[in-house]
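# Build me a model from this:
(one chain, ligands or ions: 1)
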Amino acid sequence: MSEFEPKIVAFVCNWCTYAGADLAGTSRTQYASNVRIVRFPCTGRIDFMLLMKAFENGADGVIVSGCHPNDCHYTSGNFHARRRWIVFRSILDLIGFDTDRITFSWVSAAEGKKWANLVDEVTDKIKAKGPFTDLDKLDGVQLKELYDEAITK
Ligand code: FES
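Okay, here's the model as predicted:
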């Protein structure tokens, strides 16, 4: 029987993590091939409902990664993303969603090795967890409404 190969979707900012992933590629750094990258101008532009879309469409794990604190190309987009993630995660915890399937990280344009290690670590973690099967946890949950209400408090 073949080993489970998780699908990991990575939502990354263009200026730091995407460039870091590119550096890993141009440096020929070896890492797990399980990740598919979705590039955003900034982590501050990521709608966290897209994370759930990724799971709905077959992802087993998700990475969100951008510039380190104080290095955001748009000054504070990463701080907004971090705040939104904290709120979003608390709602997911509340409904029993396994938030350990979502990894939030900072990877700079110079950290190709860190990107490779991150992908390897997340791939191993999700492999150990097995395929994502918790979509039913979202049934009947008005996640967007809960999130919108919480984020405006
Ligand atoms: Fe990278 Fe904002 S540009 S997090």
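# so what's residue 42 closest to, chain neighbours aside?
Excluding its sequence neighbours, the residue lying closest to residue 42 (C-beta to C-beta, 6 or more residues apart in numbering) is residue 77, at 3.7 Å. Where C-beta positions appear, they are placed from N, C-alpha and C, glycine not excepted.
# ok, now residue 56?
residue 135 (6.5 Å).
# I'd say that neighbour and residue 54 touch.
No - with contact defined as C-beta atoms under 8 Å, residue 135 does not reach residue 54; the gap is 11.5 Å.
# more crowded one of the two?
residue 54 (21 against 11; other C-beta atoms under 10 Å).
# The more buried one and residue 71: what is the separation?
Note on residue 54: its distance to residue 71, by C-beta to C-beta, to the nearest Å, is 25 Å.
# and the protein, which residues reach the ligand?
Applying C-beta under 6 Å from any ligand atom, one finds that the chain approaches the ligand through 13, 15-16, 42-44, 66-67, 72-74, 77-78.
# Pull out the buried members of those residues.
With burial judged by 16 or more other C-beta atoms under 10 Å, the buried subset of these is 13, 15, 16, 42, 43, 44, 66, 67, 72, 77, 78.
# which residues does the first one bridge with?
Read that as residue 13. Taking DSSP bridges as the rule, residue 13 bridges to residue 40.
# Let me see the mean pLDDT of stretch 88-108.
With pLDDT averaged residue by residue, stretch 88-108 scores 95.
# residues of it that come out buried?
Buried, per 16+ other C-beta under 10 Å, within stretch 88-108: 88, 91, 92, 97, 101, 102, 103, 104, 105, 106, 107, 108.
# can you check stretch 50-67 too?
51-52, 54-55, 59-67.
# Mind putting the residues you listed into JSON lines with pLDDT and secondary structure?
Output for these, formatted as JSON lines (pLDDT from 0 to 100; DSSP: H, G, I helix; E, B strand; the rest coil):
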{"residue": "51", "pLDDT": "94", "secondary structure": "helix"}
{"residue": "52", "pLDDT": "93", "secondary structure": "helix"}
{"residue": "54", "pLDDT": "96", "secondary structure": "helix"}
{"residue": "55", "pLDDT": "95", "secondary structure": "helix"}
{"residue": "59", "pLDDT": "97", "secondary structure": "coil"}
{"residue": "60", "pLDDT": "98", "secondary structure": "coil"}
{"residue": "61", "pLDDT": "98", "secondary structure": "strand"}
{"residue": "62", "pLDDT": "98", "secondary structure": "strand"}
{"residue": "63", "pLDDT": "98", "secondary structure": "strand"}
{"residue": "64", "pLDDT": "98", "secondary structure": "strand"}
{"residue": "65", "pLDDT": "98", "secondary structure": "strand"}
{"residue": "66", "pLDDT": "97", "secondary structure": "strand"}
{"residue": "67", "pLDDT": "98", "secondary structure": "coil"}
